[in-house]
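Visitor: Build the 3D model from these lines:
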Amino acid sequence: MSALWIGLDVGTTTVKAAAYAPEGACVAEAAIPSEVKQGPGGESEQDMACVRACVMRALAKLSGKIDVASVVSLGIAAQGDGFWAVDADGKPVVPAMLWNDTRAAADLGALADSGAVTAIGRGCHTALWAGTSGMLWRWLRARDGDAAGRVARVMTCADWVGHSLTGEWATDWSNASIPFLDFTTRSYGETQLEALDCRDLADKLNPPRSADTRLGGLTPDAAQATGLPEGIPVSVGTLDLSAMIVGMCMDQPGQTMMIMGTTAVVNILSDSLAPDGEPIGAAVLHPTAEIAIKVLAPTSGASAFDWFTRLHPQTLGGRGAGEIAEKLNALVADVPPGANGVTFLPYLSGERAPFVASDIRAGFYGLSAATSKAEMGRAVMEGAAFSLRHCFVSQGALPTEPVQLSGGGSRNAIWCQIIADIVQQVVIVSDASDQGLWGAACIGAGAAGSGNPVMLARRAEDHVTYRPDPTNGPLYDRAYARYQVLSDATRAMRARLRLLEEPEG
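Guide: Numbering: from 1, shown residues only. Model prediction:
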C-alpha cells in the first residue's frame, strides 16, 4: 500500500485539495469554490464558518477518489494577512476581513503622514497596506468596541483552517511576518506594536514556529466530515506563496521565482535584508528555513496582455487564451526588441511595486502615424517584463541565478523569451502548475517525520529553458533605460496633475 500525502490550498475564491504519491505524482484532486463578500466601503469579507465548511467539503470530495487508509499526512497553505478573530470559546467574532480589504486605507494614510509606519519597515521589511491585521484591528476597535472586546485570538486563514482540523492553534513564520514580527529577533516586536498602537494585540497573536512541525492530529469531528482517518498528522499552516516556494525546492539565498499571472510577482530569497523604514514591497520569512522571501508584486502582469487583445476582438480574439496568445505572438514575432521605439508603461490599475502609486496610469510613448498594432502589442509584452526588471533593479541588481517562472504568462513561449532577454538570465518553466499544493503536501509530510520539505519536493518535472539572447542584451538595456525615464517622468507628471485636480479652498 503506497503512502499518500495530502496538500490543501485555501485560496480567496477556491479551496483546492490534492493527494500525492511521495515521488510527486498527483493521484487525485478536488476543488470547491468559496464566497467573498465585497462592499462599497472597501469591505472584503468571508464567513469563517463557510470557509471551514468549504475545507471539509474539498477534503471529503478528495477522499472519495483515493484509498484513505494510505493517507499519512496533511499539509495546509492558505491566503495570507487580513484579520481572522475568535472569542474565548474559539468562535468567530466577526466575518474575516481579507488581505484586500481597504476599509483602513484612510487610517493608514494618516499613520504614514505621521511617520508611525516606518517601524514596520524596519522590523519586517514591508511597506504596510490596509489589509493587514494591525490596520484592521485598529478599524474594528474604533468602530465596534463590543466586538473588539470579545476578541481573544487573532490569526490568519491558515491558522483558522488548522484549528478547524486539529483543534490546536499555531501560526508559521511566513504568516506571522506581517506586520508585527521583528526579523532580527524572530519575535513580535514591541516597537511595531507600539507604532500601530496595537499593544492590546500582543497576547492575542499565535507564537510563530516552523511550518513543518506537527500542529496536531485530525480530530474525530474533522475525520467524520472529511472521510479521512482520525489522527493523521497535520502541519502548521503556511502562506500560499511560501508553499509554492517550497514546491519549487527553493531555500537558498539568491534563488528567484517570478509569477506572470493576472498580476506579476518577483520573489527573491535573501539572508541579508537591511532594515529600512521605507521598504519596497513586502517580505516574509521562509516557512521552514532560516531565510527571508522578498516579495515585489507589480499590479499588471498578464492583465496587460488581456487588455490589449480585448481591444482588437476581430484580429486578436479567440475561443480561449491559447488561441488569443497564438494570434498576438504571430503578430509581434517579427518586431525587433524595443518595439521600434514604442514603450508601454503597464500601470493599468496603478502600481504597487517597485513603487506605490495607486493613481498612476498606463500609456504608450513613441507612437507615430507609422506605428503598427504589432509594435504596440510587442511593447505591451515588453512593458510587463520591464516592470519585473524594474523590481530587480530596485533591489540592487538583476538576478545572478536562473529564475523559475510560473503563472499563465509562462505558457507563452515568445513572452518567456522576452522576459529572459530583459532580465538577462535563464528562465525555467515547469510543465507542472501545482507547486503550491505540492509544497503544502511536502510540508505536511515533513511534519509527519518524512524529512526536509524542500528536499522532499524534488520530483521529476519536464522543464522548458529560455536562455537570454546575448545580441538582444544591449538593445533591451537601451529600451529599459527609456522605460525607466518615462516611468519616473510619469510619476512626476502625475503629482503635478494631482494638484490641478484638487478642489480650490
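Visitor: From here on, just use CA atoms for contacts and neighbour counts.
Guide: Noted.
Visitor: What residues sit buried inside the helix or strand of the chain with the lowest mean pLDDT?
Guide: The weakest-scoring helix or strand in the chain, judged by mean pLDDT, DSSP states H and E, is helix 105-114 (a mean of 85). The neighbour-count check on helix 105-114 (16 or more other Cα atoms under 10 Å) flags 105, 108, 111 as buried.
Visitor: what ranges do the strands span in the stretch 201-350 of the chain?
Guide: Taking DSSP state E, counting those that start in this stretch as the criterion, the stretch 201-350 of the chain carries its strands at 208-209, 214-217, 233-235, 238-239, 256-260, 264-270, 282-285, 292-296, 343-345.
Visitor: average pLDDT across the third one?
Guide: Spelled out, that is strand 233-235. Mean per-residue pLDDT for strand 233-235: 98.
Visitor: same deal with stretch 456-463?
Guide: For stretch 456-463, the per-residue pLDDT averages 96.
Visitor: Okay, buried residues for it please.
Guide: 456-458.
Visitor: from the residues you listed, which ones fall inside strands?
Guide: With strands defined by DSSP state E, no entry of those lies inside them.
Visitor: Turn the residues you listed into a markdown table, columns for distance to residue 249.
Guide: Shown next, in a markdown table, are those (distance: Cα to Cα, whole Å):
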| residue | distance to residue 249 |
| --- | --- |
| 456 | 8 |
| 457 | 6 |
| 458 | 6 |
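Visitor: Where does pLDDT dip in this protein?
Guide: The chain contains residues with pLDDT under 70 at 1, 502-505.
Visitor: Can you spell out the domain ranges of it, please?
Guide: 4-236, 302-402+477-498 (automatic domain parsing).
Visitor: Now do the phi/psi pair for residue 45.
Guide: phi -130, psi 160 (degrees, to the nearest 10).
Visitor: what's the burial count for the nearest residue to residue 348 once chain neighbours are set aside?
Guide: Spatial nearest neighbour of residue 348, chain neighbours left out: residue 362 (4.9 Å); criterion: Cα to Cα, 6 or more residues apart in numbering. When counting by other Cα atoms under 10 Å, one arrives at 17 neighbours for residue 362.
Visitor: which residues touch residue 362?
Guide: Residue 362 makes contacts with 344-350, as judged by Cα atoms under 8 Å, 6 or more residues apart in numbering.
Visitor: wait, which of those residues is closest to residue 255?
Guide: Among the contacts of residue 362, residue 346 lies closest to residue 255 (Cα to Cα), at 25.9 Å.
Visitor: got the contact list for the closest one?
Guide: Residue 346 touches 300, 304, 361-363, 380, 383-384, 387, counting by Cα under 8 Å, 6+ apart.
Visitor: could those residues be laid out in a markdown table, adding secondary structure and distance to residue 85?
Guide: Shown next, in a markdown table, are these (DSSP: H, G, I helix; E, B strand; the rest coil; distance: Cα to Cα, whole Å):
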| residue | secondary structure | distance to residue 85 |
| --- | --- | --- |
| 300 | coil | 32 |
| 304 | helix | 37 |
| 361 | coil | 37 |
| 362 | coil | 38 |
| 363 | strand | 42 |
| 380 | helix | 42 |
| 383 | helix | 41 |
| 384 | helix | 38 |
| 387 | helix | 36 |
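Visitor: Using the three-state scheme, assign residue 468.
Guide: coil (DSSP: H, G, I helix; E, B strand; the rest coil).
Visitor: surely it meets residue 421?
Guide: Yes. Counting by Cα atoms under 8 Å, residue 468 touches residue 421, with 4.4 Å between them.
Visitor: neighbours around residue 151, how many?
Guide: Residue 151 - counted by other Cα under 10 Å - has 21 other residues nearby.
Visitor: Spatially, what comes nearest to it if we skip its sequence neighbours?
Guide: Per Cα to Cα, 6+ apart, closest to residue 151 is residue 87, 4.8 Å.
Visitor: Could you list which of the buried residues of stretch 456-463 belong to helices?
Guide: residue 456 (DSSP state H).
Visitor: which one of the buried residues of stretch 456-463 is nearest residue 274?
Guide: residue 457 (29.9 Å).
Visitor: List the contacts of residue 353.
Guide: 280-281, 296-299, 391.
Visitor: Format those residues as a markdown table; extra columns: distance to residue 222 and neighbour count.
Guide: Formatted as a markdown table, the contacts of residue 353 follow (distance: Cα to Cα, whole Å; neighbours: other Cα atoms under 10 Å):
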| residue | distance to residue 222 | neighbour count |
| --- | --- | --- |
| 280 | 41 | 24 |
| 281 | 38 | 23 |
| 296 | 37 | 26 |
| 297 | 36 | 25 |
| 298 | 39 | 27 |
| 299 | 38 | 25 |
| 391 | 43 | 24 |
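Visitor: Identify the farthest-apart pair in those.
Guide: 280 and 299 (13.7 Å).
Visitor: how about the strands of the stretch 351-500 of the chain, start to end?
Guide: So, for the stretch 351-500 of the chain - with DSSP E, counting those that start in this stretch - the strands run 363-365, 403-406, 427-430, 463-466.
Visitor: Tell me which of these sits most buried.
Guide: strand 403-406 (a mean of 22; mean count of other Cα atoms under 10 Å).
Visitor: For it, what is the distance to the chain centroid?
Guide: 14 Å (Cα atoms, centre = their mean, to the nearest Å).
Visitor: now swap in stretch 420-440 and tell me
Guide: With Cα atoms, centre = their mean, you get 14 Å for stretch 420-440.
Visitor: Looking at the buried residues of helix 105-114, spot the one nearest residue 240.
Guide: Nearest to residue 240 among those, with distances taken as Cα to Cα, is residue 105, at 24.4 Å.
Visitor: May I ask you to confirm that the closest one is in contact with residue 136?
Guide: No. If you go by Cα under 8 Å, residue 105 and residue 136 don't touch, sitting 9.6 Å apart.
Visitor: Quickly list what's touching both of those two.
Guide: Joint contacts of residue 105 and residue 136 (Cα under 8 Å, 6+ apart) are residue 130.
Visitor: The contacts of residue 346, buried ones only, as a PyMOL selection?
Guide: Listed next is the PyMOL selection for buried residues among the contacts of residue 346, using 16+ other Cα under 10 Å:
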select buried, resi 300+304+361+362+380+383+384+387
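Visitor: May I see the contacts of residue 346 arranged in TSV, with distance to residue 149 as well?
Guide: Below are the contacts of residue 346 laid out as TSV (distance: Cα to Cα, whole Å):
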residue	distance to residue 149
300	40
304	45
361	42
362	45
363	48
380	50
383	49
384	46
387	44
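Visitor: Nearest to residue 233 among the contacts of residue 346?
Guide: Closest to residue 233, out of all of the contacts of residue 346 and judged by Cα to Cα, is residue 300, at 39.4 Å.
Visitor: Need phi/psi at the closest one.
Guide: Dihedral angles (degrees, to the nearest 10) for residue 300: phi -110, psi 130.
Visitor: coming back round to it: just the ones of the contacts of residue 353 in helices?
Guide: Going by DSSP H, the helices hold residue 391 from these.
Visitor: still on that earlier bit, list the neighbours of the least confident helix or strand of the chain that are in contact with it.
Guide: The contact list for helix 105-114, computed with Cα under 8 Å, 6+ apart, reads 117-118, 129-130, 135, 139.
Visitor: Likewise for stretch 23-30?
Guide: 16-21, 58-59, 61-62, 65-66, 438, 457-460.
Visitor: Please, a PyMOL command that selects the buried ones among the residues you listed?
Guide: Selecting only the buried entries of the contacts of stretch 23-30 in PyMOL, with 16+ other Cα under 10 Å as the criterion:
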select buried, resi 16+17+18+19+20+21+58+59+61+62+66+438+457+458
